[in-house]
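Asks: need a 3D model of the following:
(4 chains)
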There are 2 protein chains.
Amino acid sequence: MTSARKAIFDVLSQTRGHLSAEEIYMKVHAFYPSIGLTSVYRTLQILVNIGLIFKFDFGDGRARFEVVEGPSGQDHHHHFICTGCGRVIDYSDFTAEELAFLKKVEEGLARKHAFKITNHNLQFYGTCNSCTEA
Amino acid sequence: MTSARKAIFDVLSQTRGHLSAEEIYMKVHAFYPSIGLTSVYRTLQILVNIGLIFKFDFGDGRARFEVVEGPSGQDHHHHFICTGCGRVIDYSDFTAEELAFLKKVEEGLARKHAFKITNHNLQFYGTCNSCTEA
DNA sequence: CCCCTATTCGAGAATGGTTTTCATTTTCAA
DNA sequence: TTGAAAATGAAAACCATTCTCGAATAGGGG
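Replies: Numbers count the residues shown, from 1 in each chain, chains lettered A, B, ... in the order given. This next block holds a predicted model:
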């Protein structure tokens, strides 16, 4: 891991939530001015493949990235996306029920189709507080 | 709803699974040759907003569309995406457990943040049978 | 320290799905 | 029929992402 890659990973580790490639680029550029946008994209792809970060699509045309952070998905959470204003809120309750449910699905998939699940992504859509009022 | 829009919706209704905008365009074009790709994109956006179709992103750079088809999500299913070959397989088991789990999450979100959930999206990632062997 | 080779880097160009523009056509109510 | 509003298609624009390629860098022997 080179210094450029470490800088990108550090920014992701130290920032909570949903950064786009360009946002990451600007944050890294602040203290590592020689960084190029190409390297950001390249590094993000590597980190996703390694399994250190997640890549999300919230429907606004640009990918978002988050550190996995924590062994065995301890910081695992879901996203609620407001279809009114596009705001994204983390949601991490009901983990026990979720794990039980997901385990069942994984077993079913493995048994019926011989699929090996490594990851999942659950997103909720709806309207947030202020958008419901308006 | 105009004839062009009906043609697009009909194609989606009569085809199972995961069509891209261009695939839809080609299918509609076969019996409605005057259709333009612009109208396909425009109509798809309208149908998504109305709530008649879903829009998915499987990570291959193009959006996929499916009819909602059926009141109160009766044909609801999830997607398993093979990270090896990109294949997408529908999965619709464990609906009872899922509904119970999702209901809890919706209640939690409504209580804690005053969010109103209208939809959700659950995707699984992993390797399919043939990719695991290879 | 210094080569040497493979890897990584950044700038700019290219890519490609999607959106915008805009003039034309169609719709539909009066 | 008529006229305003909505819808249409072709082409251009858009823009996040990827590709290209020559330069810079890393890092393991000598």
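Asks: where does the prediction get shaky in chain A?
Replies: A:70-74 (pLDDT under 70).
Asks: which helix is the longest one in it?
Replies: The longest helix of chain A (DSSP state H) is helix A:95-113.
Asks: list the contacts of it.
Replies: For helix A:95-113, contacts defined as CB atoms under 8 Å, 6 or more residues apart in numbering or on different chains pick out A:76, A:115-117, A:120, A:122, B:78, B:80, B:89, B:91, B:93-94, B:97-98, B:100-101, B:104, B:124, B:126, B:128-129. (Glycine included, C-beta is placed from N, CA and C.)
Asks: phi, psi of A:Val28?
Replies: When read as degrees, to the nearest 10, the backbone of A:Val28 gives phi -70, psi -40.
Asks: neighbours of it, just the number please.
Replies: Residues within reach of A:Val28, counting by other CB atoms under 10 Å in any protein chain shown, total 22.
Asks: what's near enough to touch it?
Replies: Counting by CB under 8 Å, 6+ apart, the residues that A:Val28 touches are A:Ala7, A:Ile8, A:Val11, A:Ile35, A:Val40.
Asks: looking at the residues you listed, which one is closest to B:Leu19?
Replies: Distance to B:Leu19, by CB to CB, is smallest for A:Val40 among the contacts of A:Val28, at 32.5 Å.
Asks: give me the neighbour count for the closest one.
Replies: 25.
Asks: leaving out the residues flanking it, which one is nearest to it?
Replies: A:Tyr25 (4.6 Å; CB to CB, 6 or more residues apart in numbering or on different chains).
Asks: same check on A:Gly86?
Replies: Per CB to CB, 6+ apart, closest to A:Gly86 is A:Asp60, 6.0 Å.
Asks: got the domain ranges for chain A?
Replies: A:1-71, A:76-134 (automatic domain parsing).
Asks: roughly how far does the residue nearest to A:Gly86 sit from B:Asp57?
Replies: 11 Å (CB to CB, to the nearest Å).
Asks: got it, and A:Asp75?
Replies: 23 Å.
Asks: quick one: which of these two has more around it?
Replies: B:Asp57 (16 against 12).
Asks: that one reaches B:Arg64, doesn't it?
Replies: Yes - under the criterion of CB atoms under 8 Å, B:Asp57 makes contact with B:Arg64 at 7.3 Å.
Asks: what about the residue nearest to A:Val40, neighbour count?
Replies: Count around A:Tyr25 with other CB under 10 Å applied: 21.
Asks: mind telling me what element it is part of?
Replies: helix A:21-31 (DSSP states H and E).
Asks: immediately after that helix, which helix or strand?
Replies: Past helix A:21-31, the next helix or strand by DSSP H and E is helix A:37-50.
Asks: for that next one, output the C-alpha coordinates as CSV.
Replies: The C-alpha trace of helix A:37-50 is given here as CSV (Å, rounded to 0.1, in the frame of the first residue of the first chain):
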residue,chain,number,x,y,z
LEU,A,37,-8.7,11.8,-9.5
THR,A,38,-7.6,8.8,-11.5
SER,A,39,-5.7,7.4,-8.5
VAL,A,40,-8.8,7.9,-6.3
TYR,A,41,-10.9,5.9,-8.7
ARG,A,42,-8.2,3.2,-9.0
THR,A,43,-7.7,3.0,-5.3
LEU,A,44,-11.4,2.8,-4.5
GLN,A,45,-11.8,-0.1,-6.9
ILE,A,46,-8.9,-1.9,-5.3
LEU,A,47,-10.2,-1.3,-1.8
VAL,A,48,-13.7,-2.6,-2.8
ASN,A,49,-12.1,-5.7,-4.3
ILE,A,50,-10.0,-6.3,-1.2
